[in-house]
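J.: Sequence plus predicted model, see below.
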Amino acid sequence: MRFHQLDALRFFFAAAIAIGHMAGWENFLPGAGLAVDFFFVLSGFVLTHALVERPMPWRDYAVARFARLYPLHLLTLAAFLAVVLVSGQAGDLNPEKNNDWVLLQNILLIHGLGFTEHVGFNYPSWSVSVEFWVNVLVLYAVVTQRLRWVALFGVAAGYTLILRNPEFEFVYGEFMLIASAGVWRCVAGVLAGYLVYEFFVWAKDRVRLDYRAVSACEAALLGAVFWLMLQTEPAYHRAALALTPLLVLLFAFGAGGVANGLAARPFAYLGQLSYGVYLWHIPVIYAAAGMGWFEPGAMALWPRTLALFAITIGLSILTYRSFEIASKKALIGRYRAAA
């Protein structure tokens, strides 16, 4: 079973991040950074479902996650480096955020863990780094051992730590106790996704859902989350964060008109492109800026913003099957052949 409606939601949240970086948060969606927290909750939900439906040894699971996440991360990192070198922007990069040590961390996929406060280069990939390690080192144990109390503690501890910062949705490199703020955001979100899945399994055969009522709730909840993200005050963003697990749960049932519409083939296909949109948009922005064609954050350049977003989608289409899926299959195939 694949939750196509959740995949489609992932695309729209990835689009919010991409357009936010292009147009400027204040010009588009001030709380768009919360999209990353949605990704974490969704990741915890769908990976829990995958592990419950198809249990596998830890090593197989780790290889599968690496094969899915790492190839495109490495490709877009290489694309970013090529763009800044060819366009002559390398000298303009902040040396604190873009140096050999940070580059090595990017290559090792550890750049979001807290070894340095500065996350440079293709910087949205910090969340890919923390998601890989949290999924492999935390979520697998929680799911396979049914550690609900550990999950509850992780959610409470993670959100308690990050919510101390009023701009928590844009905090990820700051070191907190034993790890970065990004790690804590991921731990809280992924384990919240696990708990949402546990409730979903319990409720799906016990609760009768009325189509019209659920349709109205889906529209209202999705609209509320994006309306809250449109606001500038931190209290609204905290409210949006609190609604994120409920959003995943409600749409997971697929019982209303909005969820059914998002599960349709065109939207499901866009959902498959979400990872590409998330990782390609920064190299695209730097390429356009290097040609003097675009200035990130300039409200007057909305037509060019939309053009860059279209280019980002185009690159995502080109690399989805020919690179993302092909690389995943090749890496898993080599692993199985060597096992």
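T.: Nice, thanks for sending it over.
J.: most centrally placed residue in this structure?
T.: By CA atoms, centre = their mean, the chain has its centre lying nearest to F39, at 3.8 Å.
J.: which stretch of helix or strand covers it?
T.: Using DSSP states H and E, F39 sits in helix 34-53.
J.: After that helix, which helix or strand is next?
T.: The helix or strand immediately downstream of helix 34-53 is helix 58-86, counting by DSSP H and E.
J.: Next, the angle from that following helix to helix 34-53.
T.: Counting by axes from the mean of the first three to the mean of the last three CA atoms, to 10 degrees, helix 58-86 lies at 150 degrees to helix 34-53.
J.: so what does helix 58-86 touch, helix or strand wise?
T.: Other helices and strands packing on helix 58-86, by 3 or more CB pairs under 8 Å, 6 or more residues apart in numbering; DSSP states H and E, are helix 100-108, helix 126-134, helix 140-145, helix 274-290, helix 326-338. To be clear about C-beta, it is placed using only N, CA and C from the backbone, and glycine gets the same treatment.
J.: try it again with 10 Å
T.: helix 34-53, helix 100-108, helix 126-134, helix 140-145, helix 274-290, helix 302-319, helix 326-338 (3 or more CB pairs under 10 Å, 6 or more residues apart in numbering; DSSP states H and E).
J.: Report the distance from the last one to the chain centre.
T.: Helix 326-338 has its average C-alpha position 24 Å from the chain's average C-alpha position, going by CA atoms, centre = their mean, to the nearest Å.
J.: Mind picking out the helix or strand in this structure with the poorest mean pLDDT?
T.: Within the chain, confidence by mean pLDDT, DSSP states H and E is lowest for strand 175-176 among all helices and strands, at a mean of 80.
J.: That one - which strands sit beside it in the sheet, and in what orientation?
T.: According to DSSP bridges, strand 175-176 has the following sheet partners: strand 179-180 (antiparallel).
J.: Give me the contact list for the partner strand.
T.: Contact with strand 179-180 is made by 111-117, 119, 126, 129-130, 133-134, 158, 161, 171-174, 186-187, as judged by CB atoms under 10 Å, 6 or more residues apart in numbering.
J.: average model confidence for that strand?
T.: Average pLDDT, strand 179-180: 86.
J.: what do you get for stretch 87-95?
T.: Rounded mean pLDDT across stretch 87-95 is 72.
J.: OK, contacts around the closest residue to S127 other than its chain neighbours?
T.: Nearest residue to S127, sequence neighbours excluded (CB to CB, 6 or more residues apart in numbering): V36, at 5.1 Å. Residues near V36 by CB under 10 Å, 6+ apart: 13-14, 17, 124, 126-127, 130-131, 169-170, 172, 182, 185-186, 189, 278.
J.: and if you look at L77?
T.: L77 touches L103, N106, I107, L109, H111, F121, N122, S125, L279, I282, P283, counting by CB under 10 Å, 6+ apart.
J.: and if we set it to 6 Å?
T.: L77 makes contact with N106, N122 under the criterion CB atoms under 6 Å, 6 or more residues apart in numbering.
J.: State the pLDDT value of it.
T.: L77 carries a pLDDT score of 97 in this model.
J.: Could you tell me which of the contacts of strand 179-180 count as buried?
T.: Buried positions within the contacts of strand 179-180, assessed by neighbour count (16 or more other CB atoms under 10 Å), are 111-114, 116, 119, 126, 129-130, 133-134, 158, 161, 171-173, 186-187.
J.: ok, then the element right after the helix or strand hosting C186?
T.: Taking DSSP H and E as the criterion, C186 maps to helix 181-203. Once helix 181-203 ends, the next helix or strand along the chain (criterion: DSSP H and E) is helix 211-230.
J.: Please point out which parts of that next one sit buried.
T.: V214, S215, C217, E218, L221, L222, V225, F226, L228, M229.
J.: quick check, nearest of these to A289?
T.: M229 (25.7 Å; CB to CB).
J.: what sits against the residue nearest to L230 when sequence neighbours are not counted?
T.: Spatial nearest neighbour of L230, excluding adjacent residues (CB to CB, 6+ apart): L29 at 6.1 Å. By CB under 6 Å, 6+ apart, the contact list for L29 reads A16, G20, M229.
J.: Apply 8 Å and report the result again.
T.: Listed by CB atoms under 8 Å, 6 or more residues apart in numbering, the contact partners of L29 are A16, I19, G20, F226, M229, L230.
J.: what about it, which SS state?
T.: Here L29 is coil, with the state taken from DSSP: H, G, I helix; E, B strand; the rest coil.
J.: Now do it against E167, distance only.
T.: According to CB to CB, to the nearest Å, L29 and E167 sit 14 Å apart.
J.: Check I325 too.
T.: Taken as CB to CB, the span from I325 to E167 is 36 Å.
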